[in-house]
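Novice: Please find the sequence and the predicted model below.
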Amino acid sequence: MTTTVTYPRYLSDDWHDPGRHFDVNSPATQTLVGKAADCGEAEARAAVDIAWRAFESWRAVNAFERSATLRRWHGLIMAHQEELGRLMALEMGKPIREGRAEAAYAAGFVEWYADEAKRVYGTWFPSHHQGKRLLAIKQPVGPAFAITPWNFPAAMLARKAAPALAAGCPMIVKPAKQTPFTAIKLAELWLEAGGPPGTLQVLPTSQPRPLTQVMMSDPRIRKVSFTGSTEVGKLLYAQAADTVKRLSLELGGHAPYLVFDDADLDGAVAQVVACKFRNAGQTCVCTNRVYVQDGLFEPFVERFTQAVEGLAVGDPLDDATDIGPLVDEAGLAKVVEHVDEALSKGASVATGGRATGGLYYAPTVLTNVTNEMAIMHDETFGPVAPVVRFEREEEAIEQANDTPFGLAAYLYTRDLGRAIRVSEALEYGLVGVNDGVPAAPYAPFGGVKESGIGREGGPWGIEEYLEIKYVSIAIG
C-alpha cells in the first residue's frame, strides 16, 4: 500500500488551510496516508457563523431543487465508488470490497432523501370554530452538527447529512480523526453536485473537545447527531441541555445472536459469520454474543469454526481479503484483553485467539464462555465470537436482554411463531430474523436503553431535522 492522500485543507464556505495539520496513518502498514487539516475553536466559531448564514438561504430553496442537488450528489458518489472504497481501505483498514459496498450504501441514503425532500407534508385539520382554518406545517430545525465514527466514515456522514440537507438544514461534520479523508471527499462531491457553499462543512481535528464545545454551547446549532460510544453520548446529552438542542444518539451495542435448534445449519453459520466479522468485527451492530440451543450446539460450533478459519486475513486493498487490521493500538489492546481474560477464566479457543502482527488479530471463536467474563458484557469491537449454549427459548431471551445496551439483536429459526415471539421480546431497536445484515437506507436505525435515542434512515430520519409549527388562521 503505497498510495498517499493529501487533504491539508478543510471545507467551510470555501477550502481553508488552518495552518495546523495532523498525520493519518494506515492501520495495515503503519505508514503515513496523508496530512489532514487540524481545526480548532476559531474554525468552529467561523463554521457556525457560516452555517447560520447558509441556513437563511438553503431553507428557502425549493424542495425540488434541493432534491435535484442531492440526486446529483448521489450520482457523483457512485461514480467515485472505487476511490471512496480505496480511501477507506487506506485510512481505516476496511477491506476494499466492503469499502465499495459502503460507498453504495452511503449513496443509497442520498438517493432516498433526494426523494424525501419532496415529501415533507403539512396537514390541514378541522377546527370547532367555523371561522378558523388550522394548519400544521414542517420546517427545518436549523443548522446541525454531526460527529461521525471511523468505522463507517462514508455511510454515517451520508445518513446524517442527506436528511439534514433534504430538510433545509446546513450540516457541520466533525469526522473521526482516523478517517478525515473520506468525509472531505464526500463534501468535495457535494460542492461538485452544486451544493451551495456553507451547507455542508467538514472540519477534521485531532483534538475534538474544543471544537465540539463550541458547537454544543452555541444556540444557533439546533440539532446534534452523534454515532459513537455511550460514554461520549452521555456527555453530549448533558451538554445539549443548556441550549435544549435536538439530539440523535446512536451509541454502543452488545448484540446477541440466538440460534435455535430448528435453524438451517448452513444458513445460520453464514449469517452469523456475515454479522460478526464484517469490518473485522468493528461495527456497532456486529454480534458480540452467539447463543446456540443445545440440540445444534456441537454441529454449529464445528461448522462455524470451519467457516471462520476460511476467512482471508490480509491487505485491505486486496480484493481477496475478508479481514483487515484493527483500526489502532487501543482497538487491538481491547481485543487482546478480552480474549486473555476469558481464557484465564476457563474459556477455550476453537480457532484464532492471538494477535498476528501489526494491528491484525486472527478471527477467533471461543467456547466454554461464562457470564462473568468481560467479553459477555463489554463490546469487544474485534473479530472474536464467543459461543454459548442455552436450553430454553425463555432463557435465551433473558440472557440476550441482560445488558444496558439495546441497539441490534438477531435470531435464526424456521418457526414463524418463535420468530415473532422472540422479536417482540428482545429489547433492541433493530432485530434481524434469519438476517445478519438487515440495515437499509429506507429503514429506521437506532437503539433503546443506553444505545441511544432517535432514528436515522427512512422517513423517520428526516423527521429528526424538522420542527412542527401550528398555524391558526381566522378567516372572519
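Specialist: Great, that's in hand.

Novice: going forward, measure contacts and count neighbours with C-alpha atoms only.
Specialist: OK.

Novice: Over to the nearest residue to Leu200 once chain neighbours are set aside: give its phi and psi.
Specialist: Spatially, and ignoring its direct neighbours in sequence, Leu200 is nearest to Met171 (5.0 Å; CA to CA, 6 or more residues apart in numbering). Per-residue torsions, Met171: phi -130, psi 130 (degrees, to the nearest 10).

Novice: How about the one 4 residues further on?
Specialist: With angles defined as degrees, to the nearest 10, Pro175 sits at phi -80, psi 160.

Novice: Quick one: residues contacting it.
Specialist: 147-150, 153, 183, 202-205 (CA atoms under 8 Å, 6 or more residues apart in numbering).

Novice: Please tell me I have it right and Leu211 contacts Ala44.
Specialist: Yes. Between Leu211 and Ala44 there is a contact at 5.6 Å, judged by CA atoms under 8 Å.

Novice: isn't Phe55 right next to Ile172, touching?
Specialist: No. Applying CA under 8 Å as the test, Phe55 and Ile172 come out as separate, 11.7 Å apart.

Novice: Those two - which one has more neighbours?
Specialist: Neighbour totals were compared for Phe55 and Ile172, and Ile172 leads with 28 against 23 (other CA atoms under 10 Å).

Novice: Please identify the helix or strand for that one.
Specialist: Assessed by DSSP states H and E, Ile172 sits inside strand 171-174.

Novice: What is that strand packed up against?
Specialist: Under the contact criterion of 3 or more CA pairs under 8 Å, 6 or more residues apart in numbering; DSSP states H and E, strand 171-174 touches helix 41-58, strand 144-147, helix 155-167, strand 200-202.

Novice: what's next to the next helix or strand after that strand, contact-wise?
Specialist: Note on strand 171-174: by DSSP H and E, the next helix or strand toward the C-terminus is helix 180-192. With CA under 8 Å, 6+ apart as the test, helix 180-192 has contacts from 5, 7, 10-11, 36, 73, 76-77, 84, 87-88, 91, 153-154, 157, 175, 197, 200-202, 204.

Novice: Could you list the low-confidence segments of the chain?
Specialist: Applying pLDDT under 70 to the chain flags residues 1-4, 6.

Novice: let's see 90
Specialist: Scanning the chain with the threshold set as pLDDT under 90 gives 1-8, 476.

Novice: Centre-most residue in it?
Specialist: Nearest residue to the geometric centre of the chain (CA atoms, centre = their mean): Met156, 4.9 Å.

Novice: nearest spatial neighbour of that residue, skipping sequence neighbours?
Specialist: Spatially, and ignoring its direct neighbours in sequence, Met156 is nearest to Thr148 (6.0 Å; CA to CA, 6+ apart).

Novice: close enough to count as contact, the one you found and Gly228?
Specialist: Yes. Contact criterion CA under 8 Å: Thr148 and Gly228 qualify, at 7.5 Å.

Novice: who's more crowded, the two?
Specialist: Taking neighbours as other CA under 10 Å, Thr148 and Gly228 compare with Thr148 leading, 27 against 21.

Novice: phi, psi of the more buried one?
Specialist: According to degrees, to the nearest 10, the main-chain angles of Thr148 amount to phi -110, psi 150.

Novice: quick one: contacts for it?
Specialist: Counting by CA under 8 Å, 6+ apart, Thr148 has contacts 156-157, 173-176, 226-228.

Novice: And the residues you listed, which two are furthest apart?
Specialist: By the measure CA to CA, Val173 and Gly228 form the most distant pair in the contacts of Thr148, at 13.9 Å.

Novice: which residues touch Pro386?
Specialist: Going by CA under 8 Å, 6+ apart, Pro386 touches 288-290, 365-367, 369, 375-376.

Novice: Could you report the neighbour count for Ala238?
Specialist: 11.

Novice: now it: how far from Gly310?
Specialist: As judged by CA to CA, to the nearest Å, Ala238 and Gly310 stand 46 Å apart.

Novice: List phi and psi for the residue nearest to Gly346 when sequence neighbours are not counted.
Specialist: Closest residue to Gly346 apart from its sequence neighbours, by CA to CA, 6+ apart: Asn368 at 6.8 Å. Backbone dihedrals for Asn368, given as degrees, to the nearest 10, come out at phi 60, psi 40.

Novice: for Asn368, what are its contacts?
Specialist: By CA under 8 Å, 6+ apart, the contact set of Asn368 is 346-348, 387-388.

Novice: cool, and His16?
Specialist: Residues near His16 by CA under 8 Å, 6+ apart: 9-10.

Novice: okay if I get the contacts of Asn368 as JSON lines plus distance to Leu249, secondary structure and neighbour count?
Specialist: What follows is those, written out as JSON lines (distance: CA to CA, whole Å; DSSP: H, G, I helix; E, B strand; the rest coil; neighbours: other CA atoms under 10 Å):
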{"residue": "Gly346", "distance to Leu249": "36", "secondary structure": "coil", "neighbour count": "13"}
{"residue": "Ala347", "distance to Leu249": "34", "secondary structure": "coil", "neighbour count": "18"}
{"residue": "Ser348", "distance to Leu249": "36", "secondary structure": "strand", "neighbour count": "17"}
{"residue": "Val387", "distance to Leu249": "30", "secondary structure": "strand", "neighbour count": "22"}
{"residue": "Val388", "distance to Leu249": "30", "secondary structure": "strand", "neighbour count": "22"}
